[in-house]
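In: What would the 3D arrangement of this be:
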Amino acid sequence: MTAPIASAPLDDLYTLQQHFFTQFPTLSRQDFSNGVYALDPDARQSWLAIEQFPPYEIAIDLGKQLFTHPFSNGQHYGDCFPDYQQGMSQHYPYWDLKTQTVITLSQAINRCRQQNQAPPLPPTSQSLINLTAYLTFLSRDKPITITVPPEPGARAAYQHGKKYYHQRRGQLNFSCASCHVQNAGKRLRTETLSPLLGQTSNWPTYRLKWGRVGTLHQRFIGCHQQIRAQAAAPQSEIFRNLEYYMSYISNGLPVNGPSIRK
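Out: Numbering: from 1, shown residues only. Alright, predicted model coming up:
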């Protein structure tokens, strides 16, 4: 199935969530946040074993150290995010009226740094990834709550992300939806294809393939490489809008990052 390009966000959310609930009737809503581990019993068993001593714990600890370390002016990240202990990553990305753009958690962290006369961190910087890992950990089990306000710019950003997700590209002529909507749950070689629903809930993630914690945008780039398509840059407008759409579709699912994936 495909989502009509011109449909409203709430219609998309209902249509796609119902599609997956119908396709996988034995799964609860929360199960979808576990990705392929909700679909593949053998993979789930291995995942649960690794979760006993998760390799992403180092990233969380280092992120906490960075977050609590003061800037040169004496201020802290906590001054930018006073409610961080109650969880905040479940609300990202969001549409920012002032800048008329989608703001991700990574961008919000760099905004805080710039407000405190600290240079922004590169999108794939391990320090930035560690900070997002710590903040995402504090949001665990909080329901994803993404809003798309009726403001024209927000609707346009959402529609751009949606169009990109469903648009075929690359030498293999695949779209994101080809794997994660039309063929979700099926196997591609040795891999089980995860559903769109819940795909953003576990990032940043420790990927066994990478041997480190990485970002959702780095995974986007990997997908583009697999279908032999040119990828945008991490934290580009294209990828931020794509994340906006995907996160909105997962509204109501719990945050469970950082996590582990192959």
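In: Sketch out the helices for the stretch 51-200 of the chain, chain order is fine.
Out: 57-68, 77-80, 105-115, 126-138, 152-166, 176-177 (DSSP state H, counting those that start in this stretch).
In: need the ones you listed in a markdown table with mean neighbour count, mean pLDDT and distance to residue 232, can you?
Out: For every residue, glycine as well, the C-beta is placed using N, CA and C. Shown next, in a markdown table, are those (neighbours: other Cβ atoms under 10 Å; pLDDT from 0 to 100; distance: least, Cβ to Cβ, whole Å):
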| stretch | mean neighbour count | mean pLDDT | distance to residue 232 |
| --- | --- | --- | --- |
| helix 57-68 | 17 | 98 | 25 |
| helix 77-80 | 16 | 98 | 27 |
| helix 105-115 | 20 | 98 | 15 |
| helix 126-138 | 23 | 98 | 18 |
| helix 152-166 | 18 | 98 | 9 |
| helix 176-177 | 21 | 97 | 13 |
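In: To residue 255, which of these lies closest?
Out: helix 126-138 (6.4 Å; Cβ to Cβ).
In: and the angle from that closest one to helix 57-68?
Out: Relative orientation of helix 126-138 versus helix 57-68 (axes from the mean of the first three to the mean of the last three Cα atoms, to 10 degrees): 100 degrees.
In: could you say what helices and strands helix 126-138 packs with?
Out: Using 3 or more Cβ pairs under 8 Å, 6 or more residues apart in numbering; DSSP states H and E as the contact test, the elements touching helix 126-138 are helix 57-68, helix 105-115, strand 212-214.
In: would residue 260 count as being in a strand?
Out: Yes. Residue 260 forms part of a strand when assessed by DSSP: H, G, I helix; E, B strand; the rest coil.
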